[in-house]
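A.B. asks: Got a predicted model here, sequence first, then my questions.
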Amino acid sequence: MDNDYPGEEVLESAWKLTVEAGLGAIPLEQLGLDRRSPVLQELEDRGLVIISKGLFSLTEAGTSSARSIIRRHRLAERLLSDVIDLKGAEVDQSACRLEHILYTELEEKICTLLGHPTLCPHGQPIPPGACCTDGRDSDLRLIATVADLKAGQEGNVAYLHSEDGARIQKLMALGVFPGAALRLLQRRPSFVFQVGHAQIAVDKEIARSIFVRF
């Protein structure tokens with residue numbers, strides 16, 4: 001837990017358990033906290049959590065606050081991974097520090113630059129922000145899927161994401177792996193792009209699993 005921002009860390013952990021895991025109210029022990037914890041008292045006083053009979057739950061305000069913290073953290077992970085090219089544990093550790101200094105305007109600008117990503121590098125959902133509603137076609141983005149590219153656009157593969165592991169392995173076997181230069185040749189009737197000396201045709205679903213950094 002980040003000792004500089006213990007309240008935010010508690011809300012972040014609570015979001016994962018109560019919202020994403022769908023557990024609702026949870027025993028305090030699952031958060032590793034004691035009922036007498038000053039952090040819990042502070043969160044209660046701010047109206048962000050309810051503690052009753054040893055069970056912890058988020059209020060509506062607490063859920064909103066936790067959602068914002070999760071969004072900032074996962075956007076920070078995406079930024080550090082895709083643009084700064086950090087790897088492994090460095091991504092999460094640095095994101096933990098960065099999330100606390102992101103404010104709404106900067107958060108939305110980062111989201112726009114990244115092409116309004118829906119998943120963090122670990123495959124966890126990034127809660128959408130107001131900027132995501134009508135901003136996915138912005139020319140400011142730094143990251144986009146192959147399905148979003150125009151014919152002639154080029155960049156480098158940032159990452160691949162699909163629930164189908166075999167699909168990812170097949171793409172990588174064809175030379176489509178992070179760092180590879182990619183250029184979209186056509187969009188119809190299928191997406192055709194060039195990687196190295198190979199030209200590869202894929203359908204829209206597969207094109208959406210290949211993310212390109214400009």
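C.D. replies: Yep, that arrived. Keep in mind the model is a prediction, meaning the values are calculated, not measured.

A.B. asks: counting contacts, what elements does the longest helix anywhere in the chain pack onto?
C.D. replies: As far as residue count goes, and with DSSP state H defining each element, the longest helix of the chain is helix 60-82. Using 3 or more C-beta pairs under 8 Å, 6 or more residues apart in numbering; DSSP states H and E, the elements in contact with helix 60-82 are helix 6-14, helix 89-98, helix 104-113, strand 154-160. Quick note: C-beta positions are derived from backbone N, CA and C, even for glycine.

A.B. asks: could you check the angle strand 154-160 makes with that helix?
C.D. replies: Per axes from the mean of the first three to the mean of the last three C-alpha atoms, to 10 degrees, the angle that helix 60-82 makes with strand 154-160 is 120 degrees.

A.B. asks: could you give the mean pLDDT of helix 60-82?
C.D. replies: This predicted structure assigns helix 60-82 an average pLDDT of 93.

A.B. asks: Looks like residue 98 contacts residue 80 (just checking).
C.D. replies: Yes - taking C-beta atoms under 8 Å as the contact criterion, residue 98 and residue 80 are neighbours in contact, 7.2 Å apart.

A.B. asks: quick revisit: in the longest helix of the chain, what counts as buried?
C.D. replies: 62-63, 65-82 (16 or more other C-beta atoms under 10 Å).

A.B. asks: Would you state the predicted confidence (pLDDT) at the residue positioned nearest the centre of the chain?
C.D. replies: To find the centre residue of the chain, average its C-alpha atoms and take the closest one (C-alpha atoms, centre = their mean): that gives residue 120, at 2.6 Å. Model confidence at residue 120, expressed as pLDDT, equals 91.

A.B. asks: Need the nearest residue in space to it, chain neighbours excluded.
C.D. replies: By the measure of C-beta to C-beta, 6 or more residues apart in numbering, the closest residue to residue 120 outside its immediate chain neighbours is residue 74, 3.8 Å from it.

A.B. asks: I figured that neighbour was touching residue 118, is that so?
C.D. replies: No - between residue 74 and residue 118 there is no contact under C-beta under 8 Å: 9.8 Å.
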